[in-house]
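Student: generate coordinates for the sequence data below:
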Amino acid sequence: MTFDLKEALALRDLAKRSRKVFALTHNYTGYPMVKEARELVRRGVLGTLLKVVAEYPQGWLLNPVDAEGQKQAAWRTNPQQAGASGCVGDIGTHAENLARYITGLEIEELCADFTAFVGGRRLEDDGNLLLRFKGGAHGVLYASQVSAGEENNLRIRVYGTKASLEWHQEDPNDLVVKYPDAPRQVFRRGNAYLSDAAKRFTRLPSGHPEAFIEAFANVYLEAARAVRAEVNGQPLPEGLDFPTVEDGVEGMAFIAAAVQSAKGGAIWAKMQAPND
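Tutor: Numbering: from 1, shown residues only. Predicted structure coming up:
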């Protein structure tokens, strides 16, 4: 959302003072099956959450394309433009946001290992983190941009005492739910058996591709509903569902803690509370 956590906190204060709508495009929260996963967790289908595994591997920075002048790569690996983190700041924040959105869990502390595999690169192109959540659940999060052959393979698995779920961004219309004593289920986007939350954000009939662009549109639609109410002097509609400035602050706090841990030699670092 910003260059560093200090700027994020200042931006949040500005958003609160202005009372204007602030939307952040963490678009992966806009997928219908991500919303279905969140509903399953909220309804207790998984039981008590024990473990969260979130991963976002890419392979496009395996070679030094940043040093060769590729614009998308150059700014992402430049600390003067990207800030204190490269890969984890760029895509690891999406994995963190997705995990928090689906589970509702907040990271209490983390242990991060950063590596710049490509020679001369100033920011990490690979990051591996252990997570401890408030309430006792544990997690693993990794982000990599030097994983050969990977495109945008964002994935999440959530394990509870009753069941687990799994969602893949590259196959977004399926949500897999697994049980210890029953066959696994595959929930498919666009079907009547899904929750109202998933159906409200479904745009096409079942069987038709619906994915990345529509997820952005779902975020924009919810933000537009909020803006319309604000402009007309009306209360915000109930059930609004889009990332806000608070999500941005959480993401920047995650980056700050990860950088602190990695620079300290993979020490455990506390997440700075958003209100600090």
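
Student: and Ala112, what element?
Tutor: Assigned by DSSP states H and E, Ala112 belongs to strand 107-115.

Student: what does that strand rub up against?
Tutor: Strand 107-115 is contacted by residues 85, 88, 96, 100, 124-134, 139, 254, 257-259, 261-262, 266-271 when judged by Cβ atoms under 8 Å, 6 or more residues apart in numbering. Glycine gets a C-beta too; all of them are placed from N, C-alpha and C.

Student: paired strands for it, with orientation please.
Tutor: Its sheet considered, strand 107-115 pairs with strand 126-133 (antiparallel), strand 268-270 (antiparallel) by DSSP bridges.

Student: which one of those is the most hemmed in?
Tutor: Of all the strands paired with strand 107-115, strand 126-133 has the most neighbours on average by mean count of other Cβ atoms under 10 Å, namely a mean of 22.

Student: can I get that one in PDB, CA atoms only?
Tutor: The C-alpha trace of strand 126-133 is given here as PDB (Å, rounded to 0.1, in the frame of the first residue of the first chain):
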ATOM      1  CA  ASP A 126      12.800 -15.900  -2.300                       C
ATOM      2  CA  GLY A 127      11.300 -15.900   1.200                       C
ATOM      3  CA  ASN A 128      10.300 -18.700   3.600                       C
ATOM      4  CA  LEU A 129       8.400 -17.900   6.800                       C
ATOM      5  CA  LEU A 130       7.100 -19.700   9.900                       C
ATOM      6  CA  LEU A 131       4.100 -18.100  11.400                       C
ATOM      7  CA  ARG A 132       2.500 -18.200  14.900                       C
ATOM      8  CA  PHE A 133      -1.100 -16.900  15.000                       C
END
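
Student: after it, next one along is what?
Tutor: For strand 126-133, the following helix or strand on the C-terminal side (DSSP H and E) is strand 138-144.

Student: now that following strand: average pLDDT?
Tutor: This predicted structure assigns strand 138-144 an average pLDDT of 98.

Student: by contact count, what packs against the next helix-or-strand element following it?
Tutor: Using DSSP H and E, the helix or strand that follows strand 138-144 in sequence is strand 155-160. Packing partners of strand 155-160 (3 or more Cβ pairs under 8 Å, 6 or more residues apart in numbering; DSSP states H and E): helix 32-42, strand 49-57, helix 93-103, strand 164-168.

Student: if we can go back for a sec, closest one to Trp167 among the strands paired with strand 107-115?
Tutor: Nearest to Trp167, of all the strands paired with strand 107-115, is strand 126-133, at 18.0 Å by Cβ to Cβ.
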